[in-house]
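> Got a predicted model here, sequence first, then my questions.
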Amino acid sequence: MMIGTDLVRGICRVGFAVDWVRNGAAGQSALADNQYTATLLDIGLPGRSGLEVLRSARAAGDRTPILILTARDGVDDRVAGLDAGADDYIVKPFALQELMARLRAVVRRRDGHAQSLVGTKSLQLDLGTHEAIHHGTRIALSSREFAVLHALLERPGAILSRTQIENRIYGWDEQISSNAIEVVIHGLRKKLSAAAIRNVRGLGWRVPA
């Protein structure tokens, strides 16, 4: 339990929301009921193995990038995970920095990006440094600002509602104030410009494509 708690805390510190489940059946339900940017899947889950969850997700058409965590460093185990549909794997114990680098890499590959930059011609997000690049100027972001801007820049031009953004940046157990997203976006617009993130009245927000 301590390893999982530390892992969730570490991932949240670098700006990602985390939903954590403790067994294979719950993991399978979470993947079926939610859309995630990426999934960390422990092979040694109780009840239903990580490989079974992985095969079930891929059979159902789930294309979410999945990185498997395993204490089994044999070639056969790694091959089994990759053949079942994993995008990458990491062997325990591991450094958080390496895990995050591998997560960023599988998300970039899903989105068709070879480099760590995502976004538009005028506004990019550096996934490695967590900085925004607005018209060539690098701007430091808080973890929440990074998470919101990442959600918006994954699909420039698309409108994201408050609920969609909340689901992306907050975990299941986190308390969310009624104006939390507005506060983060207000901060982003002060750092970038009012035109960088457009409010679509009654619908949500978008970054111009």
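That came through fine. Numbers count the residues shown, from 1 in each chain.
> Which other helices and strands does the strand or helix carrying Ile68 contact?
Here Ile68, judged by DSSP states H and E, is contained in strand 66-70. Judged by 3 or more Cβ pairs under 8 Å, 6 or more residues apart in numbering; DSSP states H and E, strand 66-70 is in contact with strand 39-42, helix 50-59, helix 75-83, strand 88-91, helix 96-111. The C-beta positions use only the backbone N, C-alpha and C, and glycine is treated the same way.
> where does the residue sitting nearest the centre point of the chain land in three-state SS?
When Cα atoms, centre = their mean is applied to the chain, the residue found nearest the centroid is Thr37 (4.0 Å). Following DSSP: H, G, I helix; E, B strand; the rest coil, Thr37 is assigned to coil.
> residues contacting it?
16, 64-65, 107, 154, 168 (Cβ atoms under 8 Å, 6 or more residues apart in numbering).
> any weak-confidence spans in the chain?
Within the chain, the stretches with pLDDT under 70 are 1-2, 72-74, 111-115, 173.
> coming back round to it: now, of the helices and strands packed on strand 66-70, which is deepest in the fold?
Per residue and on average, the most neighbours among the helices and strands packed on strand 66-70 fall to strand 39-42, with a mean of 22 (mean count of other Cβ atoms under 10 Å).
> Output it as PDB - backbone C-alpha positions only.
The C-alpha trace of strand 39-42 is given here as PDB (Å, rounded to 0.1, in the frame of the first residue of the first chain):
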ATOM      1  CA  THR A  39      -2.800   3.900 -17.600                       C
ATOM      2  CA  LEU A  40      -0.200   2.400 -15.300                       C
ATOM      3  CA  LEU A  41      -1.000  -1.200 -14.900                       C
ATOM      4  CA  ASP A  42       0.600  -3.500 -12.300                       C
END
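> Ala80 against Leu51, yeah?
Yes - contact criterion Cβ atoms under 8 Å: Ala80 and Leu51 qualify, at 6.4 Å.
> pretty sure Gln35 is touching Pro65, no?
No - Gln35 is beyond contact range of Pro65, at 12.0 Å (criterion: Cβ under 8 Å).
> still on that earlier bit, output the helices and strands packed on strand 66-70 in CSV; the columns should cover distance to Gln124.
Converted to CSV, those look like this (distance: least, Cβ to Cβ, whole Å):
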stretch, distance to Gln124
strand 39-42, 25
helix 50-59, 31
helix 75-83, 31
strand 88-91, 24
helix 96-111, 13
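> Would you tell me which of the ones you listed gets closest to Val118?
helix 96-111 (6.5 Å; Cβ to Cβ).
> Packing partners of the closest one?
Other helices and strands packing on helix 96-111, by 3+ Cβ pairs under 8 Å, 6+ apart, are helix 2-13, strand 66-70, strand 88-91.
> change it to 10 Å
helix 2-13, strand 39-42, strand 66-70, strand 88-91, strand 117-119 (3 or more Cβ pairs under 10 Å, 6 or more residues apart in numbering; DSSP states H and E).
> Redo these as a markdown table? Include distance to His150.
A markdown table is the format used below for those (distance: least, Cβ to Cβ, whole Å):
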| stretch | distance to His150 |
| --- | --- |
| helix 2-13 | 14 |
| strand 39-42 | 16 |
| strand 66-70 | 17 |
| strand 88-91 | 19 |
| strand 117-119 | 7 |
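> All set, thanks.
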